[in-house]
Structure formats: structure tokens, C-alpha cells
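>>> let me see the structure of the following:
(2 chains)
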There are 2 protein chains.
Amino acid sequence: MKDTREGVVTPKTPLSALLSVDEMALFVDYYQLTMGQADFDAQNNSVITANYYVRKIPQGQYLIAAGLEQVVHYILNLRWTETTLDWLAERGDLSTEYLNSLRDFRFNGSVFAVPEGTPIFPNEPIINVTGRSRDVQLFETYLLCVMNFQTLIATKASRIVQAARGRPVFDFGARRAHGRDAGTLAARAAFIGGASGTSLVLAGRYFNIPYVGTMAHKFVSERPTELEAFRDYATAFPDSTTLLIDTYDTLKGAQNACIIAKEMETRGARLRAVRLDSGDLLALSRHVRRILDAEALDYVQIIASHDLDEFQIDTLLENGAPIDSFGVGTRLATGANFNPRTSEGAPSALGGVYKLVESDGRPVGKQSLDEPSKATIPGKKQIYRLTDTDGNYTKDQVTLWDEDVSEGQPLLVPIIQNGELAYNFPTLQDIQAHTTAELKKLPDPHKRLTNAAPYTIEQHPSILAHIEGIP
Amino acid sequence: MKDTREGVVTPKTPLSALLSVDEMALFVDYYQLTMGQADFDAQNNSVITANYYVRKIPQGQYLIAAGLEQVVHYILNLRWTETTLDWLAERGDLSTEYLNSLRDFRFNGSVFAVPEGTPIFPNEPIINVTGRSRDVQLFETYLLCVMNFQTLIATKASRIVQAARGRPVFDFGARRAHGRDAGTLAARAAFIGGASGTSLVLAGRYFNIPYVGTMAHKFVSERPTELEAFRDYATAFPDSTTLLIDTYDTLKGAQNACIIAKEMETRGARLRAVRLDSGDLLALSRHVRRILDAEALDYVQIIASHDLDEFQIDTLLENGAPIDSFGVGTRLATGANFNPRTSEGAPSALGGVYKLVESDGRPVGKQSLDEPSKATIPGKKQIYRLTDTDGNYTKDQVTLWDEDVSEGQPLLVPIIQNGELAYNFPTLQDIQAHTTAELKKLPDPHKRLTNAAPYTIEQHPSILAHIEGIP
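Numbers count the residues shown, from 1 in each chain, chains lettered A, B, ... in the order given. I've put the predicted structure just below:
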């Protein structure tokens, strides 16, 4: 599926597989095309800036930005093919003149963005897209769905990794993800947020993420005995066997694992781990640890999975559960905004928006008198992050784009300029390291799993002045 | 992206775009390959049946099965390309002999399944896959993620459509969906569940689903006045203008819409609708209706959107809100298992599983002593749905596959036999009609939005006998 057409940017990750280039222009909400038609008819050629930001964080007080590489690939490679244009022409709702104007579409504007893996806060600009009005609006649906999803997952992963207190966390969620893109991008975003790997091989292929595998209950239950199943597996993987011990009775499973471990020792091999996937993980992990230790198998690790999230892991480790690593599925890969301690939840989604903030140099907002929380802060904006002498975050200042600010680092960096890629995408490993380093600088009160303290964001006075001026 | 290789089934919907055929074999959790290796080494050639079913329904008491067409396309087209095998070989963990055995992979087994759009209940078999053990397990991750997701969304859509009491419901969710697949498949599943259309053009292209568009706040706020924005749009779409009236002040927006509607009347055209997207939709819809009616614009419809779901729509219509159609985004396209009346929720996922139930003719289960709810009911099973004289559902009987049952219709029908497609996929329109007709036969107590009554499912005594026999 190599794309050989002229002008197509080859991404670091072969997105051609996630994204069929031929029809990608149609991943739009139809209003983007109807507005395009109306803009075309009205000869609206204004240059605007649209801003991706998140008004409200569903869990906690920070977000980890993720998804930029996919968005940039989309923006640079978006083309209207003859097939697509023919199909739209047959529908008859858009004019031939407007459709013809899409034929040579190339984005020639600019994109500034917060690098992936950077902590970010409510109402802060994460991506600024500047260009001709009807070009900029074509990116809305794809940009939103990819940024909302990956940012949701990277954030969730960072919370889970924090709860795991240094123990590795693996993404096991593809089977509950919302389709193939979701499974693959969840593995990517989880890695950005600090996960050590994934169960999904395709994520290993595309993103060079370490992938891991244990065994399924099926492997055990289709054999006459659990012991025979364990033996078959240990024979095939003398160096990397993890045995799933809860198919019938976890404690008997642990005893069978001991038998296999002893057999492996006679061959100079070592059982790597046992996996718990049901029941009371605290009580079972203690029991299983005792069973293993009694056989001098202290080197055999315990992996736990089973509807886990940051809250469950926190409680397990708070109580001293002897678990060495965690497999986290549904609640990681769907970004569950759900607190099982209280049963309170919100939809598994991030409600980020992509809003017009500047038109032909003029700051533009949206008043939304009937729902002030949906108002848009006008102006193309930059973020300056202030730190103390130890490098820890103290507060962010959001300013108008061209304002002279003496302190702090500007967070939005050039990604695309005049339609050309102006950014060297880091590897996913570098992004993960960036996340880890930056989260260390965010003071603990903002990272608590519950009741985290809001981070201080100051809107520069010049922005506040513009809010008054909205028609 | 036309796939011209021999043996590739052309789907009714061009899935080549959703799914890059070249690497699709790698959309597996790694344990599927490690177990494959161990099965290969142990020469396990047993023929098994794996069963897709859902243990627990997160919202309500029924599910609408959806996703089968994508699953079948995957099963029939799954190939291990040289690129994929080379990549795996470089990783070094799987043997050359095992990888070679995958080179000519073709599924030659059988699939029986409940047709898409059919109501289904907890623990009932939705798909049976029968074939060689290590072939059957290759489908697990893709089958689960596509069935879990589309079934979740089709079910959610059916609840929302029910709450809307005959008023059209449109999927507006792509921007909050979990990636491109999710947005596209959510539109498909929502249509199966009864939605009238989608905002996503790609879903129109792939699935022939009607797509609709209104306008964004951007279109209004980048023009000097709301009135000018409305006029530009009405000029471009004289026959299908919907005006978004909440950018600044909804009631003034309604008055501006009246001005435009009158201008359109002088040209012999009609304003189709106004759209509300924020604020108190009950109060605003009443106000706006009065403003329109006072200008003799009773033909102008009111469309509402804004964090809607079945509960919000039910409350609005219970109170007589004069809303003619609904755009539902986040909570439809993510399948939010969230009740805003109580703030109670669960992750936006369906926890369906794919479990071994038969091996070489022998019913197989999983005991799960430490968590009985995760036990597997043994045996390849069929469902018979019993109805009263009016055709209404009374109860389901789940039997072993080959049992002679005199009453009811068997729900699982042949889809693939001996590796050949044995099913004529209905159009999406036919599937939607099937959903509607079948849901009518499900008595109301099982369809209540809250506190719905569980439907009666009887496990045949022969199945219960096998449960006793699990080792």
C-alpha cells in the first residue's frame, strides 16, 4: 500500500494502512463541504486561524497531547481524487465549479502545535491551523477525532502508569477498542502516556512498540489437563513463558505452574511469569506469591489483568499486592472516564473543539449567550509555561500570538509553514521520554487521581480585552 | 485501492479502505501467534468451535447484533503476505516452520451467526466459528473489536431512536469517535439501530447512508453579522438551508432566520430548518417555535443537538419540546454507557468475548472458580426464539447445536461453509428494516430506558448437564 503519488509525504509510521489515501477527503462532516460551497459562491478568501483546544477535562486536571503526527500527515496528504469528485458530482448537491476548485487542493498554510507528550490544560491552544478559511475547515473532523482520542488515551495511560508506581503497564485493549484504528492508535497513545508495551502486534509493526503475549483460556481448556497445556506452551517458549493460571482454580493453577517451572529448571530454563485474570486479585496474588515462594520460585513474576484501571491498581498496590506488572484493557483503550470507586462516569470521549479564533488578522470569538461555557476565547494564541528554579511548572500564561513576553518557553512550535513540513517528528520512544520528563515537572497536587488541584492558567489582559469586543 | 488478488472476496462495502489488506493479519493480540506456535509444535490439529457472546449488557436488557459483514470480510480475506511474514521472521520469536505454515492460510471452516439487526440477549451465541483450532483463534481480536463496537452502537442508536418517538435521529459523532474506523463504523451501526442518517460523508460513500449538513459557528463568526452569514448560506443552498442560530444569542438568531426565510419566500424558496446547539433546549425550542410561528413560518423545522442521548431526548419530548429532529454526537458514536440522570456510568465498551465451547465434538467450558460470572457455558449452541400468536417474542431456548427442537426459529444461520461464503449480505437499508421489525416484536417491558425487565432465556437441560461435567 505504498503511496507513490507526487507530493505525498511519507510518514514515519505507514499511515497508508490506517488511512486509505484515496477517499480520505470524505472523512468530513458534510457541513464542511456545504460551507465550502457557500464560501466559494461568496468568494470568501479570508485567511483564518482555527484552534484545537479542550474546554473541560473529564478526569483529572491535565491532558497529555497526542495525535499530532497523524493530523499532520492528513493535512499534508489530503487530496481530492477524481473518484471522490466524480462521486460527489453524481450526488448533485455541490456545484461543478466548487468541486473543480478542490481538484488541485494543497494546503499552503501553517500549523503550530504543542509537541506530543506535553502536559496541557483546559482552554489552552494545542494546535493552531492558519490558512484560507475553506481549506482550514476541511481538517476539522479528522483532526478532532484523532486528537480527541489519542489525547484521551495518552492521558489515561499516564494516570494508570502513575498508579502502578514503576511497575510496567501493558495495553491489552484492542478487543474492546472501537475498531481497528482505535486499537492501533490506542496502543500508540498508551505508549506515549508511559505504557511499556501492548498486546497488539500491528502496533509493534507500525510504531515499533514492544508487544507481548501470554496465553488464552482456550489454550488451556482445549487440552485434557491444565498441566498438559502449560507443558505445551513452555516447550514452545522456553525463554518467555507466561502461564495463565485462572482457567479452573487459580491456586491449583499456581501449583501446576510450579511443576512446570521445576521441569523448566531441569532444562536450564526459567518460567517468566504467571498471570491472574479473574477473582480477588489482592488475595489471589498473595496466595500465589506464597505458593511460588514456597517452591523457591521467587523469580517467577505475577502479572495481573481483569477490568483494571488507575483506581484498581492504586488500591491493589496501596494494600501491598505482590503484582509485578499489569495488563490493562477496556478502560485504557477506550479511555474510560469512569471511577469504579463511586460508579460515577462520563462518556469515554474527550470533547475537544476546533474553533475559529482569528479572521484576516482580527480576533474572533463566539459569545454563546445561552451557554457561556461554550464561548470561544478570541485570538490566535501562544502559551508560555513558567517554571521555578528547579524547573517545576508554576503557571501558564496564554497570550495573543504576536505579543512580546519576556518569561517562559513558548509551547506551540512550527510544524507546517507555507504548506511545507517544518518539524522533525520525534520517535515514539522520544515522545514517551518527553512525557515522563514533563510530568515530573508538574507538581503532585495536579496529578492526584481524585480531587487533583487545577493548574493556574492566566489569560493575558490583551485577550480579556478582546472578549469584551465580541459582537 | 482495489484488491485484485485471487481469492479475495469483494465486499458490498469497499472495506479495502477501512482495512489495509496487506497487514491485516497483524491485527492480533500476540498470544494468538504464540499459542499458534505452541499448537503447531504440539501438532494440535483439533477442530473447535469458538463462540462470540456478551455476558452482561451495560445498558438495558437487549443488544442489536451488528458488525458481521466486516467480520466475515476479514475471515475470508485474511492472508499472510511475504512482507508480514518477513517482518515476523526478523523478530525471531516464532519459528520459520510455523511462519511458513501461515503462508498459504485460507480459512476452510464454517461460520454460523445471528443476522445483523437481530435483538439478542446475554450469554446467547451471536457467532459460532468452527475450524482448526489455530485458525479459529486468529480472528479473535478483530472479530471482538468490530462486533463489540458495532453492537454497542447499534444498541445505543435503537434506544435513542425509541426515545425520539418517530422523529429522525442523525449521527453527528465522528469528531468524538475513536479514530476513522470508529467514526465510519459508528455511522453504519447507528443506521442499523434506526438512525436516519449521518453527518459523515465517508459513511455515505461506503455504506450509502444518507448524509446531512448544516453549518458551523465558524461560518457565522467569520462574517461581519449573523444575518450576512445566513444570507450567504441560503444563497448557496436555496432548497436545503438549515441555519445554526446559537452563535451569539439564540432568540436573535431566530429572528434573523425569520428575515432570511422571508427573503427566501420572495424567491419561491423555503428555509428548511433552524438548529439549536446549546443552552436549555426545552425553553429555547419553545421560544424559537413561537418566533417562527408568529411569522407564519410553521414549515421551518427545529433541529436540536448538544450532548444528547436517549435520556435527554426522552425528557425533552416528555415535556413537549417542539423539536423535529435530533443530531446526536458523542454519546451515540462512543456508545456512552452513561445515565446523565444519575451520573452513573460504565466504560463506553461492550465486553463481548470469544470463547472455546467445543473441541473435536466434545463440549468444553471454563469453570472460573474464582469468578463464577466468567465461566463459559460449554457446547456449540443454537438459539430458538419462541413467539406468541401475534408474533411477539416470548422467550429464547438455547440448545446444543444438533438437538432436535420442535418449536421456534433457529437464529444462527449459515454464513460461511467449508471456507465459502454461504450468505447473501442484505443491504444496510434491509438490515435497518429488520431491526425495526424485530424490535416491534420485543415486548415493551424489555425496552424501557431504565429498569427494563430481563428477557427469558432458557438453557436446554442437555447444556446444563454439560456444565456439571467441566473438569
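
>>> got the residues of the stretch 1-150 of chain A near chain B?
A:1, A:16-20, A:22-23, A:26-35, A:37-39, A:41-42, A:44, A:46, A:48, A:50, A:84, A:87, A:93, A:133, A:137, A:140-142, A:144-146, A:148-149 (CB under 8 Å from any CB of the partner chain). No exception for glycine: its C-beta is placed from N, CA and C like everyone else's.

>>> recalculate using a threshold of 7 Å.
When proximity is defined by CB under 7 Å from any CB of the partner chain, the stretch 1-150 of chain A lies next to chain B at A:1, A:17, A:19-20, A:22-23, A:26-31, A:33-35, A:37-38, A:41-42, A:46, A:48, A:87, A:133, A:137, A:141-142, A:144-146, A:148-149.

>>> could you identify the buried members of these?
Among the residues of the stretch 1-150 of chain A next to chain B, those scoring as buried are A:1, A:17, A:19-20, A:22-23, A:26-31, A:33-35, A:37-38, A:41-42, A:48, A:133, A:137, A:141-142, A:144-146, A:148-149 (criterion: 16 or more other CB atoms under 10 Å in any protein chain shown).

>>> for the closest residue to residue A:371 other than its chain neighbours, what are its contacts?
Using CB to CB, 6 or more residues apart in numbering or on different chains and skipping the chain neighbours, the partner closest in space to residue A:371 is residue B:278 (3.8 Å). Shown in contact with residue B:278 (CB atoms under 7 Å, 6 or more residues apart in numbering or on different chains): A:368, A:370-371, A:374, B:246, B:306.

>>> what's the answer for residue A:149, then?
Residues in contact with residue A:149 (CB under 7 Å, 6+ apart) are A:67, A:182, A:185, B:178-179.

>>> ranking the contacts of residue B:278 by neighbours, who comes first?
Of all the contacts of residue B:278, the most densely surrounded is residue B:246 (28 neighbours; neighbours counted as other CB atoms under 10 Å in any protein chain shown).

>>> tell me the secondary structure at the residue lying closest to residue A:454 once chain neighbours are set aside.
Of all residues not flanking residue A:454 in the chain, residue A:61 sits nearest, at 5.4 Å (CB to CB, 6+ apart). Classification of residue A:61 using DSSP: H, G, I helix; E, B strand; the rest coil returns coil.

>>> who touches residue A:61 in this structure?
Residue A:61 is in contact with A:446, A:452-455, counting by CB under 7 Å, 6+ apart.

>>> list the contacts of the helix or strand hosting residue A:257.
Remark: residue A:257 resides in helix A:250-266, with elements defined by DSSP states H and E. Identification of contacts with helix A:250-266 by CB under 7 Å, 6+ apart yields A:226-227, A:230-231, A:234, A:238, A:243, A:245-247, A:270-271, A:274, A:276, A:279, A:284, A:287-288, A:291-292, A:295, A:297, A:300, B:370.

>>> and these, which of them are buried?
Of the members of these, the ones counted as buried by neighbours, 16+ other CB under 10 Å, are A:226-227, A:230-231, A:234, A:243, A:245-247, A:271, A:274, A:276, A:279, A:284, A:287-288, A:291-292, A:295, A:297, A:300, B:370.

>>> so where's the stretch 301-450 of chain A shaky on pLDDT?
Counting by pLDDT under 70, the ranges of the stretch 301-450 of chain A that qualify are A:406.

>>> recalculate using a threshold of 80.
Scanning the stretch 301-450 of chain A for pLDDT under 80 picks out the ranges A:343-345, A:366-369, A:404-406.

>>> quick one, strands of it?
A:301-305, A:325-328, A:337-339, A:344-346, A:353-359, A:362-363, A:381-387, A:393-400, A:409-410, A:413-417, A:420-421 (DSSP state E, counting those that start in this stretch).

>>> swap in the stretch 101-250 of chain A?
Ranges of strands within the stretch 101-250 of chain A are A:110-113, A:119-120, A:127-132, A:169-171, A:197-198, A:242-244, based on DSSP E, counting those that start in this stretch.

>>> could you name the helices and strands sitting against the last one?
When contacts are defined as 3 or more CB pairs under 7 Å, 6 or more residues apart in numbering or on different chains; DSSP states H and E, strand A:242-244 sits against strand A:273-276.

>>> so the residue of chain A found nearest chain B bridges to which residues?
Among the residues of chain A, residue A:345 lies closest to chain B, at 2.6 Å counting by CB to the nearest CB. Under the criterion DSSP bridges, residue A:345 forms beta bridges with residue A:338.

>>> okay, now it: neighbour count?
When counting by other CB under 10 Å, one arrives at 23 neighbours for residue A:345.

>>> would you mind listing what in the stretch 201-350 of chain A touches chain B?
Counting by CB under 7 Å from any CB, the residues of the stretch 201-350 of chain A near chain B are A:201-202, A:205, A:211-219, A:221-222, A:232-233, A:235-237, A:246-250, A:278-279, A:284, A:330-331, A:334, A:336, A:338, A:343-349.

>>> what is the mean pLDDT for stretch A:261-279?
Averaged across stretch A:261-279, the pLDDT comes to 96.

>>> quote the end-to-end distance of that stretch.
Terminal residues of stretch A:261-279 lie 23 Å apart, using CA to CA, to the nearest Å.

>>> what does stretch A:163-178 give?
Stretch A:163-178 has an end-to-end distance of 25 Å (CA to CA).

>>> give me the buried positions along that stretch.
Using 16+ other CB under 10 Å as the burial criterion, the residues of stretch A:163-178 that qualify are A:163-164, A:167-178.

>>> nearest residue to residue A:64 other than its sequence neighbours?
Excluding its sequence neighbours, the residue lying closest to residue A:64 (CB to CB, 6+ apart) is residue A:154, at 4.0 Å.

>>> ok, now which ones touch the residue nearest to the spatial centre of chain A?
Centre of chain A computed as the mean C-alpha position; nearest residue by CA atoms, centre = their mean is residue A:150, 2.3 Å away. Neighbouring residues of residue A:150 by CB under 7 Å, 6+ apart: A:66-67, A:185, A:188-189.

>>> ok, it to residue A:195 distance?
With distances defined as CB to CB, to the nearest Å, the gap from residue A:150 to residue A:195 amounts to 13 Å.
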